[in-house]
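Undergrad: test case, fold it:
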Amino acid sequence: MNTAARVVLVGITPGLFQAQKALEQLRAGLRSGLSDVEALRQAKEVASFSGPMRTALVEMLDYVGLHTALGLRSCAELFTSASGLVHYTSALRNPVLAGGQSYTGNPAILRTPYLRSIVDGWFADEARKLPGALWFPLGKEPTAVLRSFAVRRGELAVAMLMSAIDPKRTS
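TA: Reported below is the predicted structural model:
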């Protein structure tokens, strides 16, 4: 966990694609002689929001000016040279499958006792460790989790972006 993060990007759950990327990078890191901690850090950095979603996410964050606020050329740097500024996480920490597919929010996290228990357990601990960061929930379920859990408690500064901004729109 990057406790020095200024920004927290919150997805719903790692998908199958991200899980595969993480495992491939972890394996490569361990085989190359990296420590467990460094191999895990690299795996998280490579896999977090990887694939087409990363491109859309960077466009959205750049559109709202986060890169300027952080002194970056682009939020793409949050996944490379400026990764020290960000903590990548998900409402559900580990990959969750529904019907053999990546979970997309149905049934809702907060209406499912088991999924809610995951949020109430480890996610609460993450929130306490990053009280000064700006949290960006990416999608309906992460937004619902943050509104229900963290915002009501006043523990986090949350930017509600995903539903309000079209990342393909140009200025």
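Undergrad: this structure: strands as residue ranges?
TA: Using DSSP state E, the strands found in the chain span residues 7-11, 86-90, 97-98, 101-102, 134-137, 157-158.
Undergrad: who does the first one pair up with?
TA: Think strand 7-11. Using DSSP bridges, the strands paired with strand 7-11 are strand 86-90 (parallel), strand 134-137 (parallel).
Undergrad: closest one to Lys44 among the strands of the chain?
TA: Proximity to Lys44 (Cβ to Cβ) singles out strand 86-90 among the strands of the chain, at 6.4 Å. In short, each C-beta sits where N, CA and C put it, glycine included.
Undergrad: off-centre distance for the closest one?
TA: 4 Å (Cα atoms, centre = their mean, to the nearest Å).
Undergrad: neighbours around Asn106, how many?
TA: 11 (other Cβ atoms under 10 Å).
Undergrad: can I get the strands of the chain in TSV with mean pLDDT and mean neighbour count?
TA: Output for the strands of the chain, formatted as TSV (pLDDT from 0 to 100; neighbours: other Cβ atoms under 10 Å):
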stretch	mean pLDDT	mean neighbour count
strand 7-11	92	23
strand 86-90	93	24
strand 97-98	82	12
strand 101-102	86	13
strand 134-137	88	23
strand 157-158	58	16
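Undergrad: ok, which of the strands paired with strand 7-11 comes nearest Glu38?
TA: strand 86-90 (16.3 Å).
Undergrad: could you give me the average pLDDT of stretch 146-154?
TA: Stretch 146-154 shows a mean pLDDT of 69.
Undergrad: save the strands of the chain as TSV, and put in distance to Thr80 too.
TA: Below are the strands of the chain laid out as TSV (distance: least, Cβ to Cβ, whole Å):
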stretch	distance to Thr80
strand 7-11	14
strand 86-90	11
strand 97-98	30
strand 101-102	25
strand 134-137	18
strand 157-158	25
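Undergrad: okay then, goodbye and thanks.
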